[in-house]
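> structure for this input, please:
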Amino acid sequence: MKKTLTHLVLLLSVLSFQQTASAALPFFSDDKPTLAPLIEKVSPAVVNISVSGNQHDQSSMDDLFEFFKQQRPDLPEQNFVGLGSGVIIDAKNGYIITNHHVIDNADEIKVELKSGKILNATIIGQDKQSDIALLKVDTSSNKKVKLTEIDFADSDKLRVGDFAIAIGNPFGLGQTVTSGIVSALGRSGLNLENLENFIQTDAAINSGNSGGALVNLEGQLIGINTAILGPNGGSIGIGFAIPANMIKNLVEQLIEHGEVRRGVLGVRGGEITPELATNFDLDSQHGAFVYQVNTGSAAEEAGIKAGDVIVAVNNKKIKSFAELRAKVGTLGSGKKMKLTIIRDGKQLTRTAVLKAPKQNAQKKLPQTTTLHPALSGAELTNTPNNKGVNITHIKANSMAERYGLQRADIIIGINKTDIKNLDELQKKLTSPPSMIALNIKRGDQTLYLILE
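Numbers count the residues shown, from 1 in each chain. Next up is the predicted model:
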């Protein structure tokens, strides 16, 4: 049986072609089903981007030289060229949005308009974490060149099943239009370095579509095409786009600062699994579960506590911790976030003012003992006041350390049940459930650690 390798591809290069199915959209003009009027309106706002530059060959030998602390020999610079797409979002100022990976390391960037006119572009700002870059072209010296911009849609109003049209420069062929629907929203976990909150679409997009437009039937931008999941870089109907609302927030910062200055909420968290939903009496698996609130953070000052479930940001529902992270990651320090939370079955509202990131961010937590496999390597004693179990020592490289417990942690509860001493802890762990939520007191913080 022939095996097909499927992987995630950023849509920049062009080497091979794939057969793909296309989806037609029922759009009517003069009683004829056609997309032509819409495409004629929108397509001038989508540009082809070509980049060139020089970079050292990033061979696998780099790690070897670093490992042996030897000087890396001078390697010849490699010329490279790349193709991608972009979208004009501000005609007056010549602003064009594209992906960071399209223009990364480029010495020269050229933008080709639909009219065929080629312009030089400069980088206003870029952000690797969100994979967004803002370019600028100058048309002041040529009054005959006119730019067409595209309007932003409110991507928070998208629904699965909405029609979607992709416009870009696949394989360097020139501007190409494909159509489909919104297949899913809030996609994450794709092993990209980005903040992930993607729109998934089955509109055929391929290598070279990076930075191209994903638009709705009103001709508004709903996203920027970024990656596909498919064999050998070809489309199989699984493409991903960065939502328009996320782009708008990032562009504001790129224009003002030339970079994204992210605010920090100050929580550790994760997705709501069926086990968490059961143990914490949650009606839904949608939302972001808060494991820990950092001392002095925006979240702590807003009154967020470990064990809370954040279900909405600024009155808009979120489905996951990844979506919360993406929303926080697009806002700057000093910005306010209205957080809707569930605590002990009650819905509450808190407002957090995001803080600037600290130079030394809090490191990942280490974990606990022999009463349970996940606790092996931890030494436990009763607290003098009979208000929990004290961790007096953590063995290096033990399961306890890998799970995240630390010396001087105090175990005060399991799965929402208070623990006063070792006897109560042992009873709870005699027939443990498949997932344990340890309630930990660490200094002046209270947090949850999940043991599975």
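> quick check: longest strand of this structure.
Counting by DSSP state E, the longest strand found in the chain is strand 77-90.
> how far off centre is that strand?
Distance of strand 77-90 from its chain centroid, counting by C-alpha atoms, centre = their mean, to the nearest Å, is 22 Å.
> can you list the strands that it pairs with?
Take DSSP bridges as the rule and strand 77-90 pairs in its sheet with strand 46-56 (antiparallel), strand 95-98 (antiparallel).
> what segments of the chain are helices?
36-42, 61-67, 100-103, 244-257, 274-279, 298-302, 321-329, 399-403, 422-430 (DSSP state H).
> please name whichever of those is nearest to Val137.
Of all the helices of the chain, helix 100-103 sits nearest to Val137, with 13.0 Å by C-beta to C-beta. (C-beta placed from N, C-alpha, C; glycine too.)
> which other residues reach the closest one?
Contact with helix 100-103 is made by 10, 12, 49, 51, 82, 84-86, 109, 123, 126-128, 130-133, 135, 210-211, as judged by C-beta atoms under 8 Å, 6 or more residues apart in numbering.
> need the contact list for Ile123.
Counted by C-beta under 8 Å, 6+ apart, Ile123 has contacts 103, 109, 133-136.
> sorry, slip of the keys, the one I care about is Leu214.
164-166, 199, 201, 203, 221-225, 241.
> repeat the analysis, applying 7 Å as the threshold.
By C-beta atoms under 7 Å, 6 or more residues apart in numbering, the contact list for Leu214 reads 164, 166, 199, 201, 222-225, 241.
> can you tell me the closest non-neighbouring residue to Thr295?
Gln445 (5.7 Å; C-beta to C-beta, 6 or more residues apart in numbering).
> swap that for Gln200, please
Ala184 (4.0 Å).
> over to Asp90?
Closest to Asp90 by C-beta to C-beta, 6+ apart is Glu149, at 5.8 Å.
> any idea how far Ile96 is from the one you found?
9 Å (C-beta to C-beta, to the nearest Å).
> more neighbours, those two?
Ile96 (29 against 18; other C-beta atoms under 10 Å).
> beta-bridge partners for the more buried one, please?
Ile88, Leu135.
> the bottom helix or strand of this protein by mean pLDDT?
Least confident helix or strand, the chain: helix 61-67 with a mean of 39, by mean pLDDT, DSSP states H and E.
> what sits up against the longest strand of the chain?
Contacts of strand 77-90 (C-beta under 7 Å, 6+ apart): 12-14, 45-57, 95-99, 102, 111, 135, 147-150, 168-169, 172, 208-213, 221, 224, 251.
> so that strand versus helix 244-257, what angle?
Angle of strand 77-90 versus helix 244-257, following axes from the mean of the first three to the mean of the last three C-alpha atoms, to 10 degrees, is 110 degrees.
> strands of the stretch 101-250 of the chain, start to end?
Assigned by DSSP state E, counting those that start in this stretch, the stretch 101-250 of the chain shows strands spanning 108-112, 118-127, 132-137, 163-168, 176-187, 198-201, 213-215, 221-230, 239-243.
> so which of the ones you listed comes closest to Asp423?
strand 176-187 (44.4 Å).
> on that earlier part again, check the helices of the chain for me and report the most buried one.
Highest mean neighbour count among the helices of the chain (mean count of other C-beta atoms under 10 Å): helix 100-103, with a mean of 24.
> for it, give the mean pLDDT please.
Helix 100-103 shows a mean pLDDT of 90.
> Ala374 reaches Leu451, doesn't it?
Yes: Ala374 is within contact range of Leu451, at 3.9 Å (criterion: C-beta atoms under 7 Å).
> more neighbours, those two?
Using other C-beta under 10 Å as the criterion, Ala374 and Leu451 rank with Ala374 on top: 25 against 22.
> what pLDDT does the more buried one get?
77.
> repeat that for Asn397.
So, for Asn397, pLDDT stands at 77.
> rewinding a little: can I get the buried part of the contacts of helix 100-103 as one ChimeraX selection?
The buried subset of those, as determined by 16 or more other C-beta atoms under 10 Å, is captured in ChimeraX by this line:
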select :10,12,49,51,82,84,85,86,109,123,126,127,130,131,132,133,135,210,211
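> sorry, back to before: most tightly surrounded among the strands paired with strand 77-90?
strand 95-98 (a mean of 26).
> which residues touch it?
For strand 95-98, the surrounding residues in contact (C-beta under 7 Å, 6+ apart) are 47, 49, 84-89, 111, 121, 132-137, 211, 224, 247, 251.
> re the thing from before, which stretch in the strands paired with strand 77-90 has the least confidence?
Among these, strand 46-56 scores lowest, at a mean of 82.
> can I get the CA coordinates of that one in PDB?
Output in PDB follows, covering the C-alpha atoms of strand 46-56 (Å, rounded to 0.1, in the frame of the first residue of the first chain):
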ATOM      1  CA  VAL A  46      -4.300  41.400  -3.500                       C
ATOM      2  CA  VAL A  47      -0.700  41.600  -4.700                       C
ATOM      3  CA  ASN A  48       2.100  39.200  -5.600                       C
ATOM      4  CA  ILE A  49       5.300  39.400  -3.500                       C
ATOM      5  CA  SER A  50       8.700  38.300  -4.600                       C
ATOM      6  CA  VAL A  51      11.700  38.500  -2.200                       C
ATOM      7  CA  SER A  52      15.400  37.900  -2.600                       C
ATOM      8  CA  GLY A  53      18.400  38.000  -0.300                       C
ATOM      9  CA  ASN A  54      21.500  36.200   1.000                       C
ATOM     10  CA  GLN A  55      21.800  34.100   4.100                       C
ATOM     11  CA  HIS A  56      24.300  31.600   5.500                       C
END
